[in-house]
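Build the 3D model from these lines:
(one chain, ligands or ions: 1)
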Amino acid sequence: MSRIFRDDLFAGQVCLVTGGGTGIGAATARELGQLGAQVVIASRKEANIRPAAEGLSHELGREVVGEICDIRDREHTAGLIDRVLTRFGKIDLLVNNGGGQFFSPAEAISGKGWDAVIATNLTGTWNLTKAAADAWMLKHGGCIVNVTMLTEGAFPGMAHSVAARSGVEAMTRTLAVEWANRGIRINSLAPGFVASSGINRYPAGLDLISRMQSFVPMKRLATCEEIAWFIAYLASPAGNYITGETIAIDGGKSLWGDWWPIADPDPMPPVVIPKEPWETGGE
Ligand SMILES: NC(=O)c1ccc[n+]([C@@H]2O[C@H](COP(=O)([O-])OP(=O)(O)OC[C@H]3O[C@@H](n4cnc5c(N)ncnc54)[C@H](OP(=O)(O)O)[C@@H]3O)[C@@H](O)[C@H]2O)c1
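Predicted coordinates for the structure are as follows:
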């Protein structure tokens, strides 16, 4: 049972969640399923998708369908949309949550690393959005939520991903305008730091997490469930008049400081506070 929304809020709706086998995606699949949706989760690895589909099906008491799809591959994304439509006849909600990157100073990002992060987070989001639009939403309407990251300021250590996510947010604004008259709403949700499987993948582990925490005014990371609630809100009738937006869910993080140290071998220059001529010698 959802802690926030009415049980049948998404009854009869078909929702596709990428990256739905882990972290934020799995929490989103659970929340939508608890609200009555027919949920399909998709990502690259059988080892992520199969246990999540089985576990969520068991929890919800009805089938959550698991699909293998690499969003970078247009044959995969077209095939996934085709299978969802063949089986369920429609797609009401697409959650573009699947993505990933690695922390690196910009000078250490290789061409291959850059291409991979752009292909996953920018092109991958476009691939599935376009496939869903072409095959269903441009004729019948629908809702799309893209999970991005904080892009307002600099994001040192993430030059590739912040570029990709900024692209997704600009795409969100543009598609919202182009597709509003087709009954499509599209928004982005930018999480700050979320206590999820994704954070666990970073090598610095708990040290990194406590550093992150110390830069959040609310003094904690978001839960995956808190991100899922906002996705459900945007997709529900409460979000009916919201389109083209990017909403930060970050406990105030984006309002306060930067937490990633810039590698710089030179010491800080001394601070000199100049005096006016008449101020010198008079003390
Ligand atoms: N956790 C945070 O603090 C945070 C903050 C800002 C933004 N985000 C973003 O939120 C989203 C979810 O993150 P999370 O924290 O839940 O981390 P996560 O567990 O690493 O989730 C990422 C998911 O994306 C899937 N994925 C990666 N590449 C894919 C591809 N090419 N095709 C299809 N699926 C792919 C992964 O599954 P497979 O490996 O099976 O493909 C995985 O399920 C990500 O886009 C992440 O970057 C997270």
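
going forward, measure contacts between C-alpha atoms and count neighbours the same way
Noted.

Is the lengthiest helix in the chain in proximity to the ligand?
In terms of residue count, the longest helix belonging to the chain (DSSP state H) is helix 159-179. No - judged by C-alpha under 6 Å from any ligand atom, helix 159-179 and the ligand are separated, with a smallest distance of 8.1 Å.

partners of the following helix or strand past that helix in the sheet?
Next helix or strand after helix 159-179 toward the C-terminus (DSSP states H and E): strand 184-191. Partner strands and pairing direction for strand 184-191 (DSSP bridges) are strand 142-147 (parallel), strand 246-249 (parallel).

Residues of the stretch 101-250 of the chain that sit close to the ligand?
120, 147-149, 191-194, 196-199.

Please list only the buried members of these.
120, 147-149, 191-194, 196, 199 (16 or more other C-alpha atoms under 10 Å).

Just name the lowest-scoring one in the residues you listed, pLDDT-wise.
Here the lowest pLDDT out of these sits on Ile199, with 78.

Helix or strand: which one has that one?
Assigned by DSSP H and E, Ile199 falls in helix 197-200.

next SSE after that helix?
Assignment by DSSP H and E places the next element after helix 197-200 at helix 205-214.

can I get the CA coordinates of that following helix in PDB?
Only the C-alpha atoms of helix 205-214 are listed here, as PDB (Å, rounded to 0.1, in the frame of the first residue of the first chain):
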ATOM      1  CA  GLY A 205      31.800   4.300  -0.500                       C
ATOM      2  CA  LEU A 206      30.700   5.500   2.900                       C
ATOM      3  CA  ASP A 207      33.300   8.300   3.000                       C
ATOM      4  CA  LEU A 208      31.800   9.800  -0.100                       C
ATOM      5  CA  ILE A 209      28.300   9.400   1.300                       C
ATOM      6  CA  SER A 210      29.000  11.200   4.500                       C
ATOM      7  CA  ARG A 211      30.700  14.000   2.500                       C
ATOM      8  CA  MET A 212      27.600  14.300   0.400                       C
ATOM      9  CA  GLN A 213      25.400  14.300   3.500                       C
ATOM     10  CA  SER A 214      27.400  17.200   5.000                       C
END
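
For the very next helix or strand once past it, which outside residues touch it?
Sequence order places helix 224-235 as the next helix or strand after helix 205-214, per DSSP H and E. By C-alpha atoms under 8 Å, 6 or more residues apart in numbering, the surrounding residues in contact with helix 224-235 are 4, 23-25, 27-28, 31-32, 93, 143-145, 187, 189, 191, 194-196, 239-240, 242, 249.

Just the buried residues of those.
Judged by 16+ other C-alpha under 10 Å, buried ones among those: 23-25, 27-28, 31-32, 93, 143-145, 187, 189, 191, 194-196, 239, 249.

rewinding a little: a markdown table for the strands paired with strand 184-191, including distance to Asp134?
Below are the strands paired with strand 184-191 laid out as a markdown table (distance: least, C-alpha to C-alpha, whole Å):
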| stretch | distance to Asp134 |
| --- | --- |
| strand 142-147 | 12 |
| strand 246-249 | 23 |
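
quick one: contacts for Ser188?
Ser188 makes contact with 145-148, 168-169, 172, 244-247, according to C-alpha under 8 Å, 6+ apart.

any idea how far it lies from Phe103?
Separation of Ser188 from Phe103 (C-alpha to C-alpha, to the nearest Å) stands at 22 Å.

Now the longest helix of the chain: buried residues?
159-173, 175-176, 179.

Stretch 126-143 too?
126-133, 135-138, 141-143.

which residues does Trp136 contact?
90-91.

can we see that at 10 Å?
81-82, 85, 89-92, 130, 142 (C-alpha atoms under 10 Å, 6 or more residues apart in numbering).

Ok, Asp73 next?
79, 119-120, 123-124, 127-128.

out of those residues, what pair is the most spread apart?
Gly79 and Ala119 (18.1 Å; C-alpha to C-alpha).

The two: which is more packed in?
Shown here are Gly79 and Ala119; by other C-alpha atoms under 10 Å, Ala119 has more neighbours (19 against 14).

quick one, phi/psi of that one?
With angles defined as degrees, to the nearest 10, Ala119 sits at phi -60, psi -40.

residue contacts, it?
Contacts of Ala119 by C-alpha under 10 Å, 6+ apart are 71-73, 99, 113, 125-127, 164.

From these, pick the one nearest Asp207.
Gly99 (23.2 Å).
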